[in-house]
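Asker: The following block contains a protein sequence and its predicted model.
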Amino acid sequence: MMMTLGDLLERNVRRHPHKTALTCVNEGVSLSYLELEQRVNSLVAALMAMGIKRGDRVATLSHNCHRYAEIFMALTKGGWVLVPLDHRLTARELSYLIENSEKMGNYLIKRLTELKEKYEIIRSHSEK
């Protein structure tokens, strides 16, 4: 029997609901399997409410943290495709990835463009 990441999370919730699923030391966050599943399910519902359809690409711009794991699991569970954007990329590299990722909804394109502009401003200030 093939298990998906969502199946694995659900199985661990049934077996060990209060056992630690992940810890982000830098942010002082520790989540049990039950808490993680609740957060993942909330994210799935929010993405569905935004009108994102199964098979759509969803870009993320994040450093390694518990939120990234939650997003990854939610996208897998919802049948979406993760387009990871590395926060260490240049504005030009981010632009290329955003512009060349097919099937991202208009909302996400708009949001990513806003993030890209903010990123360019932050990056330009940090290089001074």
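Answerer: Noted; the coordinates are in hand.

Asker: Which residue ranges of the protein form strands?
Answerer: When assigned using DSSP state E, the strands of the chain occupy the ranges 20-24, 29-32, 57-62, 81-86.

Asker: Now do the buried residues in the shortest one.
Answerer: Neighbour-count burial for strand 29-32, counted by 16 or more other CB atoms under 10 Å, picks out 31-32. Using the backbone N, CA and C atoms, a C-beta is placed for each residue, glycine as well.

Asker: who does that strand touch, helix- and strand-wise?
Answerer: Counting contacts by 3 or more CB pairs under 8 Å, 6 or more residues apart in numbering; DSSP states H and E, strand 29-32 packs against strand 20-24.

Asker: One more: the third one?
Answerer: Here strand 57-62 is seen to pack against helix 66-78, strand 81-86, helix 91-99, helix 106-126 when contacts are counted using 3+ CB pairs under 8 Å, 6+ apart.

Asker: pLDDT averaged over the last one - what is it?
Answerer: In this model, helix 106-126 carries a mean pLDDT of 53.

Asker: same question, the shortest one
Answerer: Strand 81-86 carries an average pLDDT of 82.

Asker: Would you mind extracting the C-alpha trace of that strand into CSV?
Answerer: Provided in CSV are the C-alpha atoms of strand 81-86 (Å, rounded to 0.1, in the frame of the first residue of the first chain):
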residue,chain,number,x,y,z
VAL,A,81,2.5,21.7,-6.8
LEU,A,82,5.1,23.4,-4.7
VAL,A,83,7.2,26.1,-6.4
PRO,A,84,9.9,26.9,-3.8
LEU,A,85,11.5,30.3,-4.0
ASP,A,86,14.7,30.6,-2.1
